[in-house]
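1. make a model of this:
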Amino acid sequence: MPGELDRYNMKRLVGLTANIQGTDLGKVAEQVTQAIKNAGEVPKGITVDVRGQITPFNEIFRGLVFGLMIAVIVISLLLTAYFQSLRLAIVSVSTVPAVLAGVAAALFFTGSTLNLQSFMGAIMAVGVATANAILLVTFAERSRVGGMPAKQAGIEGARTRVRPILMTSCAMIAGMLPLALGMGEGGDQTAPLGRAVIGGLAAATITTLLILPAIFAMVMGWADNKSASLDPFDPYSRCYVPDQAATPEVQHAQA
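-> Now for the predicted structure:
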């Protein structure tokens with residue numbers, strides 16, 4: 001006879017526990033899921049429930065992935081409103097895949113796992129990389145609207161903004177180096193955050209300075225120089241009326 005009967009919500013329970021020393025929770029979750037599938041069909045009246053830290057682990061990762069997607073979408077919408085051009089918004093967020101690739105490479109070569117800390121580092125790297133891309137695209141578009149060809153405008157944007165972009169990226173990378181080295185008590189737990197930021201920013205900086213001008217030239221090569229604004233007081237708008245600001249009706253309305 002069993003020496004102890006366990007129940008959960010009045011249901012008979014047989015618990016199986018294991019030690020995950022030497023591996024990470026993600027790999028263990030995959031192995032447990034595969035073991036349940038290999039066991040075959042569950043007999044009638046019996047249910048299998050995976051408990052412990054695996055359930056909140058999966059919920060956190062789903063939330064982080066959803067949050068990253070929402071952040072990229074919101075940034076794209078804000079940039080579309082700011083630039084008044086969907087093309088420029090797409091060009092500005094085109095460095096996000098490079099950031100994710102850099103994060104994956106940094107975690108792989110350092111033997112780190114994709115966890116909560118490294119995911120937060122990836123989100124931080126996406127924010128800084130997008131800011132650098134916006135800086136380059138803004139100056140490149142200013143040159144293109146001024147009459148310069150799109151290819152030359154992209155090169156000009158990279159040439160004039162290379163120092164601010166390098167200063168921002170290098171300062172962020174230098175600040176994350178002590179964290180990435182995992183020095184001090186408990187440093188191994190937060191080291192993936194610094195490694196993710198360094199890998200993502202390194203890849204994004206190279207992409208921004210070398211590849212983003214080419215993307216700008218391809219996307220904006222056939223774009224019109226006219227602004228999409230409908231404001232009659234905007235000098236760059238196609239609806240701009242030069243003499244409208246001097247009419248008595250406008251002066252009276254402004255008064």
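
2. residue boundaries of the helices in this protein?
-> Remark: helices assigned in the chain by DSSP state H are 25-38, 54-83, 86-92, 96-110, 116-145, 150-181, 187-206, 212-220, 248-254.

3. output those in TSV; the columns should cover distance to Pro232.
-> All C-beta spots, glycine's among them, are computed from the backbone N, C-alpha and C. Below are the helices of the chain laid out as TSV (distance: least, C-beta to C-beta, whole Å):
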stretch	distance to Pro232
helix 25-38	58
helix 54-83	19
helix 86-92	23
helix 96-110	37
helix 116-145	19
helix 150-181	27
helix 187-206	40
helix 212-220	25
helix 248-254	9
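
4. ranking those by burial, who's on top?
-> For those, the largest average neighbour count (mean count of other C-beta atoms under 10 Å) is found in helix 187-206, namely a mean of 23.

5. report all helices and strands that that one contacts.
-> helix 96-110, helix 116-145, helix 150-181 (3 or more C-beta pairs under 8 Å, 6 or more residues apart in numbering; DSSP states H and E).

6. got the contact list for the nearest residue to Val126 once chain neighbours are set aside?
-> Among residues not flanking Val126 along the chain, Val99 sits closest, at 5.1 Å (C-beta to C-beta, 6 or more residues apart in numbering). Contacts for Val99 (C-beta atoms under 8 Å, 6 or more residues apart in numbering) come out as 122, 125-126, 129, 200-201, 203-204.

7. if I look at the residue lying closest to Gln189 once chain neighbours are set aside, how far off is Phe61?
-> Excluding the flanking residues, the one nearest Gln189 by C-beta to C-beta, 6+ apart is Gln117, at 6.9 Å. Going from Gln117 to Phe61 by C-beta to C-beta, to the nearest Å gives 13 Å.

8. identify the residues contacting stretch 168-187?
-> 110, 121, 128, 131-132, 188, 190-191, 193-195, 197-198, 201-202, 204-205.

9. list the contacts of the residue nearest the centre of the chain.
-> The centroid of the chain falls nearest to Val126 when counting by C-alpha atoms, centre = their mean (3.9 Å). For Val126, the contact set (C-beta under 8 Å, 6+ apart) comprises 68, 71-72, 96, 99-100, 200.

10. contact partners for the nearest residue to Leu166 once chain neighbours are set aside?
-> The shortest distance from Leu166 to any non-neighbouring residue, by C-beta to C-beta, 6+ apart, is to Thr205 (7.0 Å). When contacts are counted by C-beta under 8 Å, 6+ apart, Thr205 touches 129, 132, 165-166, 169.

11. now the closest residue to Ala129 other than its chain neighbours: how far from Arg62?
-> Once flanking residues are discounted, Ala129 sits nearest to Ala204: 3.4 Å by C-beta to C-beta, 6+ apart. Using C-beta to C-beta, we find Ala204 at a distance of 25 Å from Arg62.

12. for Val93, same thing?
-> In terms of C-beta to C-beta, Val93 sits 22 Å off from Arg62.

13. repeat that for Leu201.
-> 26 Å.

14. again, but for Asn19
-> 26 Å.

15. for Gly146, same thing?
-> Note on Gly146: its distance to Arg62, by C-beta to C-beta, is 46 Å.

16. and what of Ser92?
-> Distance of Ser92 to Arg62, given as C-beta to C-beta: 27 Å.

17. go ahead and confirm Arg144 touches Trp222.
-> No - in this structure Arg144 lies outside contact range of Trp222 using C-beta atoms under 8 Å: 11.7 Å.
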